[in-house]
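Chemist: I would like the atomic coordinates for the input below:
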Amino acid sequence: MEEPKANGRGARRRRRGREGKTVNHLTREQILGRDDLKREVIEVPEWGGSIVIRELRASEREVFEKRVIQAGGSGPGFAKTLGDLRASLVVKCIIDPATGERIFDDSDVKALNEKSATAIARVFALCSRLSGISSEVVDSVVGESGATSGDGSS
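Modeler: Next up is the predicted model:
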């Protein structure tokens, strides 16, 4: 077993786990320096091609989930709020594959709400899955509105 450095920072620690396997204890620098955001390509036939989806950063997910909670559950403006929530998630997740940067900004939510509901629902479902958004949150957005992804997934 390798001994950690006295200061504890920057030290790579290896220990034997319960099953005798070597466990690599990561340093702060290793964790913060790692690109750990999942990406996935999805075909969107309504838009004539494919796009790359990136999972939300933790801070982005917190903001999204707070918006869902604030939206409540019913009332005259709830349907519009649901559409805005779907599109607000989608704009944060579609990226340029070459740069990894978002291709939309938050001001594009209104324009995306004018696009195919089926396409938005499909992209929203993938964004939710990649970002670890709970099924309860997804159900409150997708289920209440009656929208489906069109491909049998949720």
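Chemist: use CA for all of it now, contacts and neighbours both
Modeler: Fine.
Chemist: low pLDDT regions in the protein?
Modeler: 1-18, 72-83, 135-154 (pLDDT under 70).
Chemist: all strands in it, in order from the N-terminus.
Modeler: Applying DSSP state E to the chain gives strands spanning 13-16, 22-25, 39-44, 49-54, 94-95.
Chemist: out of those strands, nearest to residue 122?
Modeler: Minimum separation from residue 122 across the strands of the chain (Cα to Cα) falls at strand 39-44, 8.2 Å.
Chemist: Give the buried residues for the closest one.
Modeler: For strand 39-44, the neighbour count (16 or more other Cα atoms under 10 Å) marks residue 39 as buried.
Chemist: Repeat that for stretch 112-128.
Modeler: For stretch 112-128, a neighbour-count test (16+ other Cα under 10 Å) marks 112-113, 117-128 as buried.
Chemist: what do you get for stretch 53-71?
Modeler: 53-56, 61, 64-65, 67-68, 71.
Chemist: taking those one by one, which sit in helices?
Modeler: Counting by DSSP state H, the part of the buried residues of stretch 53-71 found in helices is 61, 64-65, 67-68, 71.
Chemist: Excluding covalently adjacent residues, which one is nearest to residue 105?
Modeler: Leaving aside its chain neighbours, residue 105 sits nearest to residue 91 (6.2 Å; criterion: Cα to Cα, 6 or more residues apart in numbering).
Chemist: contacting residues for that neighbour?
Modeler: Listed by Cα atoms under 8 Å, 6 or more residues apart in numbering, the contact set of residue 91 reads 102-106, 108-109.
Chemist: rerun that using 7 Å as the cut-off
Modeler: Residues in contact with residue 91 (Cα atoms under 7 Å, 6 or more residues apart in numbering) are 104-106, 109.
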